[in-house]
Structures are given as C-alpha cells and as structure tokens.
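Peer 1: structure of the sequence below:
(3 chains)
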Amino acid sequence: MHLLQALCQIPAPAGNEAPLTEFLLRYIDQHQAEWDTPPTVLAGGEFQDCIILIFGTPRTAVFAHLDSIGFTVRYGRQLVKIGGPAVESGYRLVGQDSQGEIDCTLVVDEQTGALSYDFHRDLDRGTELTFHCDFRQTATTVQSCYLDNRLGVWNALRLCETLTDGIVAFSCWEEHGGGSVAYLAKYIYETYGVHQALISDITWVTEGVRPGLGVAISLRDSLIPRRSYVERIRRIAEAAGVPHQLEVEGSGGSDAKELQHGAQPWDWCFIGAAEDNVHSPHEMVDKRDIESMLALYQVLLREL
Amino acid sequence: MHLLQALCQIPAPAGNEAPLTEFLLRYIDQHQAEWDTPPTVLAGGEFQDCIILIFGTPRTAVFAHLDSIGFTVRYGRQLVKIGGPAVESGYRLVGQDSQGEIDCTLVVDEQTGALSYDFHRDLDRGTELTFHCDFRQTATTVQSCYLDNRLGVWNALRLCETLTDGIVAFSCWEEHGGGSVAYLAKYIYETYGVHQALISDITWVTEGVRPGLGVAISLRDSLIPRRSYVERIRRIAEAAGVPHQLEVEGSGGSDAKELQHGAQPWDWCFIGAAEDNVHSPHEMVDKRDIESMLALYQVLLREL
Amino acid sequence: MHLLQALCQIPAPAGNEAPLTEFLLRYIDQHQAEWDTPPTVLAGGEFQDCIILIFGTPRTAVFAHLDSIGFTVRYGRQLVKIGGPAVESGYRLVGQDSQGEIDCTLVVDEQTGALSYDFHRDLDRGTELTFHCDFRQTATTVQSCYLDNRLGVWNALRLCETLTDGIVAFSCWEEHGGGSVAYLAKYIYETYGVHQALISDITWVTEGVRPGLGVAISLRDSLIPRRSYVERIRRIAEAAGVPHQLEVEGSGGSDAKELQHGAQPWDWCFIGAAEDNVHSPHEMVDKRDIESMLALYQVLLREL
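Peer 2: Below you'll find the predicted structure:
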C-alpha cells in the first residue's frame, strides 16, 4: 500500500493534475522494465496532463481519473468547490500560494452553507486547497482522502504489471465536469480501433453494495451502458469466480459520461470497489474489495 | 396499424434496444424489395444497436429513436427510472429475469414518491421493466404505451416505401441522456456530406398544439434550431398544403440535442404528431396527425 | 464607439444570428485593407452563421459569440426566454413579424413570474423579440443592451487591425446552450493545429471584480481551465503591465464549455471586461476596462 499512500498524498485537484502526472510518468519509467509487457507511453503535448499506455494489441481500454475534488480561494476568505467535496467545519485543508505553504481549516457557515477558511493570513485569489492526507490502515481497511480515485489509479498501475494486450488511460477533470476523455476516446478509437472500456473508479457503499463482498459491477448510474456489453462482463466475472456485487443507481457519473456522449461507439462499464465517507477526508475501502477489483480487471483484460 | 402495434409491443428500454433492432432488420429485409428504392443497410459492429438506411443520393437525414422509457429493478423491491416515465400506482409492468416472465404492478409511495413493484417474488437486480402494451384504436385515434417513439419509427419506415434520396437513422438512448446520435451524425456527415436533419419523434398536446389539426413543426424546445432552416421547412409545408401546427416550447428535447452539440454543422428541425398522456401507458395520438406527419416527411425529403 | 453602437443595435438572438453575420462580413470586407495583415475569411456553408478569420501563422484562437439573449413568442401573449435575460415589467422589446414592425413592452406576472407582452395586436407564433437598444455614454462608461457580447465582438474586430498571427472566430448560440464552437474548434484544430483559446466575452461586476480596475482574467467559472495555461497568461499580463483583475467564480459559463468538452485538447481562458446590470437593457461597462481588454488581447496574441 506504499504506492497507494504516495498517490493519495499528491495534490491534484481538477485542472491542476500536473504534479500527479509527473509522479506517474516517473513511476512508469522506473517500473515498466519489471512489467510483463513494456507499454508505449503517450503523454505531453496534445494529451495535456493525461497519460495513455498501450500494451500489445489492445481490445479494451481502462480509464482511471487522476484528479480529485478540492476548493478554490475566491475573494476575502471565501472558498468555491472543485467538484463535490463533503464539507464539515474543521476539515484540514492544505495548499501553497505566493507566500508559502498553507495548512488551514474549513469553515462552513451553519446558516448559509457558505464556505471559508480559517488561517492566520489571507490566501492568494485562485489558490487551490485539498484535504490534508491522513492515510490509515487496519488489517481489513484502508482510509484516506482521495481513495476516489487514487485507488482506481493504483488498480490501473497494478494491472499494468501483468497486462499483455490493452490500454490504460489516465484522465483529467473527471470530478469537475470532465474534459479529457472526449479526446482520449477519439484518439484511442481512431488509432487502435478500440471501443470497449472499463472505468476504474470508486463507488459508494449503499444498502445494496456492502464493504468486503467484492468489487461492484455497475449496471447503471445516471447513465445506462449497453446491456449486451454489461452482460458479457457479468458472465466473465461469474465464470472466473471473482467476488463481485451488482450495483444499480439512478444518479452518479464517471468518465463514462464522455464515452457515452462522444462521437465514437464505445461500450463501457464502471467497475470499482465501494467506499464509505464519500468525498470526505475519511474515505474508507475494504481491502478485499481492492483485491477483487484488481483480480476482475486482470481477467477482463484477458477475456473481453 | 398492424406494424405500429407490433412496434409498440416490443420492449426496448434505453440501453437494451437490441430486440427492436432485430425486428427492424428483419422487417427491412422482408419489405425493401417492395420499396421504390432499395437502401444500403448499415447495422451492427460500430453502429451498436442503431441502423442507418441510405437511399439514392441523400441530402437530408431522418432520425427516429428506437428506445423507450421504463424502470430498472434496484435493491429490495425498489425501482429506478429509465428516462422520465409517468408514474401512477397500479400501472402494469412487464419484463423477464432469470426466474422467468414478470407481470407486476407499479407502486408509488404517496409520501416520498419512491417507486417499487408489487409481485409474488423478488426480481433480479438490474432487471428492466416496461409498460404492458394495451394497444387501442378508434376511428380517429390510436392509443398505447410507447407511441413515443414507435410512431416516429413507423413514420420513418413508411417514408422508406417511396423514398428515393435520403437517409433514415434509427437511434438509441434518446430517452435517457442520448449517446448514439453523436456518432451517427459524424458518420453521416463525413461519409455523405449530409447536414440537414428532421427529427421523427412525438411531441405533446398543449394549449397551442391540438389533436387533429396536423403534425407539429417545432420552432424551438429547450434548444433553438437555426432560424433560416426552420423557415425553409415552413415555406415548403405551406406550399404543399400539408396540415400542420407551429410549436413553441421552452423545455423538452430530442435527438436534436446531439446534433446541435456535435462537431458537425447540422441544421435540424423536430417534426412530429402530438400526443396526450405523455410517457404513460395511455399515450394517444389523432390519426389525422399521423397522416399529415407522413405526408410532410414525404414532401420534405423531396424538396429540402 | 460608433462601431460598438452599430453592433448593439442589430438584433441577433441565439439561432438567428444571420443579420449580425452579414453586417460583420460587410465590415470585414470594407476594412481589412486597412488592417496590418489581411485575413483569410471563412464563412457560409458548413460554417452556418459563424465566421472564422485566419491571420498569418496562428498559434491562438479568439472566440467571440455573436448571439444575444431575447424572447420567443409562444401561444396567446406568452413569451419564452432565449438564454437568460433579466426580466422586469416595462422593458421595451422590439422585433418584426408578418404584420410588420413590433415595439411592445415586457410584462412579468408578479405571482407566477410568467412572461408576456403588451401590444395593440397579437404577434405571430415564434416571433423573436430583443431589447430595444438605448445606447448611452459618459466620459468613463458605455451602457446598452447586449454589451454582452457585442463588446467581445468589438474587441475581436479591433484586435484584427494589428493582428499578424492568430485566429478570430465569431460563434453562434452561446447564450442558449451552445452549438457552433464544437465544429469551429474541430475545424481550427484539425486545419491549423491551434489549441490555445481566449474567450472574448463579458463577465460580471462582483465584490472581487470592480469597474475600472482592468479587464478580468477568469481563473475559473463553472468550469476550471488547465492551471498551467492560465498561469502563463497571468505572467504575460503582469510582465506587460496591463491593468487586470483575477476572477474566481463557481458558476457561469462561456464558449469555453464547448472547448472543454470537445474532442480536441484545447487550453482556454476567459478574458473580458466586467459589466453591471447583466443581461438587462442597461448593461454598463467602464471604458478603462475596455481599453485594457483590447491591450491584453494584443499582447497575448503576440506572446502566447
């Protein structure tokens, strides 16, 4: 879990993913020699802060978003949300501006819900703040801010170790309206003819998806994937005996939104472990669900 | 109206249009020899569950969506909406799961509005339910669930009988956020240079659009088409003497959303009969409006 | 300010921009000989009512939307909004229908908020109404309806006078859901390889952005541009000594939405003067902010 901890500690709010991109490029550079198949690495320039890894002759692409939720400093001591963070007075927020390091606390006005920070000085307009990372483990759980989606990134990186044919794409802006998957999907489809996607992301613990019972295969969220593709995935998961749960939601979204609405005929399915305390500094995931998530991705990238 | 009845009875909620696609492919295969011009049929593979028919040298494309609204079984006896169905306790819902045929009733919690089903057994998670089809006719009306948009599909199929130059595209996911017209539009524009569209779909009876007074030409809904294109259509309709009504709405949408927002310069106009009891099992359309809808499409595909 | 006044007086609600497009094409035709560099003019056909001007070897594209907010006549005396106009009983609205010129007043129902017009006769269904233009100036301010975005168009036209390398694109539908920037952005990116954009549009006076203190550089609105691009712009603005203010908002949008969500990797930044009385007949901008807006665009088109 050292890799996961390192990923969780790097600030990368939507729009400013570059620090995490640089970490990943270094990591890939250092580790790809140990991987079964060395990938082609596409990054920089027209890929902005995204990364695409091409392994062998790909049939399926895995999308994992790099960005996280957070806050932008507005005027006075006001804060504006980046994505949809949970908010509670006292949450510890960190960042950096022209005057140096920032370690402040979130203040939520009880009447109005207005957000501000408590610090000994004013912060530069436009400064980004993210949750302070307090990475915690037990025998069965891992807990931290930003498991959504550093765990999806971690899953994708671990998948790379044994991947022979497939694509791993690290995307940006997912938490705040999207903006990179449209061009990643176009590039991948037009260059490699690939139109099968898996979304390596984290979902919610609910009455129907319980911690420890296996990775969630989402049958739908606010969008509905093509039934025939999801059925193929269910059959492979069952045949492989990988513990999993079926999720059915009416809301929520992911990088799949851009696949669904883009001008290429993607089939997609969201597959990810469920977390408690969503979008808070205390996101918690059961280690068994992390295990089955990776196992299912390994099987699917072979068999889809 | 046998064809319309057959179309209404096939379940095809957004995301699972395949049964209707198969019906249409068989129908086209069986009937195209009787049509004035045999079309090129594009289906399968990169078209997912959509179908494109190319007639002669096309200048205009007709889009008719295959999918309908419905419900997905969530956890316990909960239901989640597919698209925006009308909901009323007692509506008869049908479907199929691993244990067999389903014929149950919708229950709407009066306090919370929460949706569930009443049946002698639990249904598989993720099962899709659609309205039971009770197809009814009088001398002047037709009534059924899913006239939206099986009537639009019917209109497109009847148009095929005499079409010499044009494109008919059957799309998916329209009721639930869209997802196929973006790639259909791109393919049609790039392959055939066509950028004029008509949306063959069903609209609402309102204070301004009355049953029996002719097909509705929509001047706008939540989106606003290019004025100059809509004006051309109005002039052709007036010159041809086809009964029609002008619709002006501030809300509502159609496959045109994806044309408007896509990366090709489409001109589009929604033209369709109006129905009462929208999105319920009792959608009702006046037969005179069906007649004028088909007549107007025939004129427009010749003259646009 | 004669040019700005002329631009403000031409009705061009979203969907019916053609009158303004024609004015601009005439203006460009008449004035380009006086410009430092004659541009290639792309208009008509696949560009619908948009215009693209190509100067030299472009690296950056400026987007300025032509369309304005307004109203559509529905049934009876009802009105439906085009975009998000401010509404107040008594606002003077003008237009034209089959029976001639229209000069009527807006009526807002105090109970329901329903919109209608007061006039001596009924108006044709679908007629578009816009604010009557009362163009006013003081030593330091300019005031009119539709400074948003005729001032952005004016800024782009003035920029053309000295531009050597760059693209100026005039877009449609921005006030009502967009619909042209997607294809303009695709064309520009694929033809010229340009993926840097500036949005020449008007923003709001707020507690953080004051009249007279310089053009606003937006660090974010409802969307978040890529941090590294915005930082480059800030550094250039500071080095050039052009008066400017940093804006941070959680809502609002612009043509940048289509750049962010399109299938090309655009970097974008909204840069525009702030106005008071947004989307009313009385939009007001400080002349010093207009000056610094043009000055900053001139610097940025040279240095980005």
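
Peer 1: longest helix anywhere in chain A?
Peer 2: The longest helix of chain A (DSSP state H) is helix A:287-303.

Peer 1: which helices and strands does that helix pack with?
Peer 2: Helices and strands touching helix A:287-303, by 3 or more CB pairs under 8 Å, 6 or more residues apart in numbering or on different chains; DSSP states H and E, are strand A:60-65, strand A:141-144, helix A:147-160, strand A:196-200, strand A:215-220, helix A:227-240, strand A:267-272. Glycine gets a C-beta too; all of them are placed from N, C-alpha and C.

Peer 1: count the residues that sit near the nearest residue to A:Val181 once chain neighbours are set aside.
Peer 2: Of all residues beyond its chain neighbours, the one nearest A:Val181 is A:Glu258 (3.6 Å), with distances taken as CB to CB, 6 or more residues apart in numbering or on different chains. A:Glu258 has 27 neighbours, counted by other CB atoms under 10 Å in any protein chain shown.

Peer 1: give me the buried positions along the strand ranked longest in chain A.
Peer 2: Using DSSP state E to define each element, chain A has its longest strand at strand A:100-108. By neighbour count, with 16 or more other CB atoms under 10 Å in any protein chain shown as the criterion, the buried positions of strand A:100-108 are A:102, A:104, A:106-107.

Peer 1: can you check stretch A:238-249 too?
Peer 2: Counting neighbours by 16+ other CB under 10 Å, the buried set in stretch A:238-249 is A:242-249.

Peer 1: switch these over to CSV; also include secondary structure and pLDDT.
Peer 2: Putting the buried residues of stretch A:238-249 into CSV (DSSP: H, G, I helix; E, B strand; the rest coil; pLDDT from 0 to 100) gives the following:
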residue, secondary structure, pLDDT
A:Val242, coil, 98
A:Pro243, coil, 98
A:His244, strand, 98
A:Gln245, strand, 98
A:Leu246, strand, 98
A:Glu247, strand, 98
A:Val248, strand, 98
A:Glu249, coil, 97
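
Peer 1: in JSON lines: these, plus distance to A:His279.
Peer 2: JSON lines is the format used below for these (distance: CB to CB, whole Å):
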{"residue": "A:Val242", "distance to A:His279": "27"}
{"residue": "A:Pro243", "distance to A:His279": "25"}
{"residue": "A:His244", "distance to A:His279": "24"}
{"residue": "A:Gln245", "distance to A:His279": "21"}
{"residue": "A:Leu246", "distance to A:His279": "23"}
{"residue": "A:Glu247", "distance to A:His279": "17"}
{"residue": "A:Val248", "distance to A:His279": "21"}
{"residue": "A:Glu249", "distance to A:His279": "15"}
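
Peer 1: quick check: mean pLDDT across the longest helix of chain A?
Peer 2: The pLDDT scores in helix A:287-303 average 98.

Peer 1: for that helix, C-alpha coordinates in PDB please.
Peer 2: As requested, C-alpha coordinates have been extracted for helix A:287-303 and formatted as PDB (Å, rounded to 0.1, in the frame of the first residue of the first chain):
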ATOM      1  CA  LYS A 287      -9.100  -4.400   1.300                       C
ATOM      2  CA  ARG A 288     -11.000  -7.500   0.000                       C
ATOM      3  CA  ASP A 289     -12.800  -5.300  -2.500                       C
ATOM      4  CA  ILE A 290      -9.500  -3.800  -3.700                       C
ATOM      5  CA  GLU A 291      -8.200  -7.400  -4.200                       C
ATOM      6  CA  SER A 292     -11.300  -8.500  -6.200                       C
ATOM      7  CA  MET A 293     -11.200  -5.200  -8.200                       C
ATOM      8  CA  LEU A 294      -7.700  -6.000  -9.400                       C
ATOM      9  CA  ALA A 295      -8.500  -9.600 -10.000                       C
ATOM     10  CA  LEU A 296     -11.500  -8.800 -12.100                       C
ATOM     11  CA  TYR A 297      -9.600  -6.300 -14.200                       C
ATOM     12  CA  GLN A 298      -6.900  -8.900 -14.800                       C
ATOM     13  CA  VAL A 299      -9.500 -11.400 -16.000                       C
ATOM     14  CA  LEU A 300     -11.500  -8.900 -18.100                       C
ATOM     15  CA  LEU A 301      -8.500  -7.500 -19.900                       C
ATOM     16  CA  ARG A 302      -7.700 -11.100 -21.000                       C
ATOM     17  CA  GLU A 303     -11.100 -12.300 -21.900                       C
END
